[in-house]
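Visitor: 3D model of this:
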Amino acid sequence: MRRQVWILTAILGVFVAAAAAGQTREENAMRCAGPAANPDLAIGACTALIQSGQETPAGLSVFFFSRATAYDRQQQYDRAIADYGQAIRLAPDRAAKSFNARGFDYLRQGDSGRAIADFDQAIRLDPNLAEAFYRRGAAYSDARQNDRAFEDFDRTTRLDPNNAFAFNARGFLYSLKGDTEHAIADYDQALRLDPNYALAFNNRGIAYSLKGDADRAIADYDRAIRLDPNYALPFNNRGIAYLSKHDCLHAMQDFAKAAQLNPNSAVPAAAAPCASPAKP
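Guide: Residues are numbered from 1 along each chain as shown. A predicted model of the protein is given here:
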């Protein structure tokens, strides 16, 4: 069955490429470099331009980059990485966005080392590219280099003060440092920028829990759950907050829901008294 799917995909790719070959250069350029709703059409158009033998190195770099972004939309990250590499080779002095995009694909694949190297290059070419700082911060965070991650998230908030993700990420690192006041301030800003940011509500709830304010923590977990009812973590965290209030009924209900949504969720050891039968 998988072989049949692969063959069908290959046949469709040939039809798309053939259709693109019948278009004018201008039509293919619009499909390739423009915001294409259908990545297959964009890939076919870009491929026709790349294979035409009529493009300058600068033009080819643009078309390789555009085809790579279409591959990204299809989650074909290895192909995207190869095309970003071609875009970089053809126009190395104008490759900040290609390094940034390729680094993100490496990060998606769990290769934080290569990701950081690419973000370094993107930042060298464009020191004001906020997205590269944010993504490098995420890569450093994955590599457990929290101080470097903090510096990059901090730089992102200055370059792009409307980046809710950066405020949330910096807030989380403040929490790890035990600085709940600054953490809450960052989560507040993230939520001002994006009032529907479930993760920021969850994280602010954690900060309030660390401060010993279970009621505010529960209110934030409530908001996170309303925004994303399939998000297991705030159920688990709200259960812990209920435990701190000695509310076994609600705590165990939340732990059960967290386990239903994520089988890897474990009931905390602190909940053992709640699970034990009441003594007469």
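
Visitor: isn't Tyr231 right next to Ile225, touching?
Guide: Yes: if you go by C-beta atoms under 8 Å, Tyr231 and Ile225 touch, sitting 6.8 Å apart. In short, each C-beta sits where N, CA and C put it, glycine included.

Visitor: Neighbour count: the two, which is higher?
Guide: Taking other C-beta atoms under 10 Å, Tyr231 and Ile225 do not tie; Ile225 has more neighbours (22 against 19).

Visitor: buried residues in the helix or strand encompassing that one?
Guide: According to DSSP states H and E, Ile225 maps onto helix 214-227. For helix 214-227, the neighbour count (16 or more other C-beta atoms under 10 Å) marks 214, 216-221, 223-225, 227 as buried.

Visitor: any idea of the mean pLDDT for stretch 74-82?
Guide: The pLDDT scores in stretch 74-82 average 96.

Visitor: And for it, what's in contact with it?
Guide: Stretch 74-82 is contacted from outside by 39, 68-69, 71-72, 101-102, 105-106, 108-109, using C-beta atoms under 8 Å, 6 or more residues apart in numbering.

Visitor: can you put these in TSV and add distance to Ser141?
Guide: Supplementary listing: the contacts of stretch 74-82 in TSV, determined by distance: C-beta to C-beta, whole Å:
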residue	distance to Ser141
Pro39	29
Ala68	25
Thr69	25
Tyr71	26
Asp72	22
Ala101	19
Arg102	19
Asp105	17
Tyr106	15
Arg108	14
Gln109	16
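
Visitor: Quick check: which of the residues you listed has the minimum pLDDT.
Guide: Lowest pLDDT among the contacts of stretch 74-82: Pro39, 89.

Visitor: Now do the contacts for that residue.
Guide: Counted by C-beta under 8 Å, 6+ apart, Pro39 has contacts 70-71, 73-74.

Visitor: Out of those, which sit inside helices?
Guide: Counting by DSSP state H, the part of those found in helices is 70-71, 73.

Visitor: residues contacting Gly171?
Guide: Counted by C-beta under 8 Å, 6+ apart, Gly171 has contacts 182-187, 190, 200, 203-204, 207.

Visitor: Filter those down to the buried ones, ChimeraX style.
Guide: When burial is assessed using 16+ other C-beta under 10 Å, the buried subset of the contacts of Gly171 is captured in ChimeraX by this command:
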select :183,184,185,186,187,190,200,203,204,207
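
Visitor: Which two of the contacts of Gly171 have the greatest separation?
Guide: Using C-beta to C-beta, the contacts of Gly171 span at most 14.4 Å, a distance reached by His182 and Ala200.

Visitor: For stretch 140-158, which outside residues touch it?
Guide: Taking C-beta under 8 Å, 6+ apart as the rule, stretch 140-158 contacts 107, 110, 112-113, 116, 130, 133-134, 136-138, 163, 166-167, 169-170, 173, 176.

Visitor: quick revisit: top of the contacts of Pro39 by number of neighbours, please.
Guide: That'd be Ala70 among those, by other C-beta under 10 Å, with 26 neighbours.

Visitor: ok now do the spatially most central residue of the chain, which residues does it touch?
Guide: Among the residues of the chain, the one closest to the centroid is Arg108, at 8.1 Å (C-alpha atoms, centre = their mean). Each residue near Arg108 by C-beta under 8 Å, 6+ apart is listed here: Tyr77.

Visitor: Thank you, goodbye.
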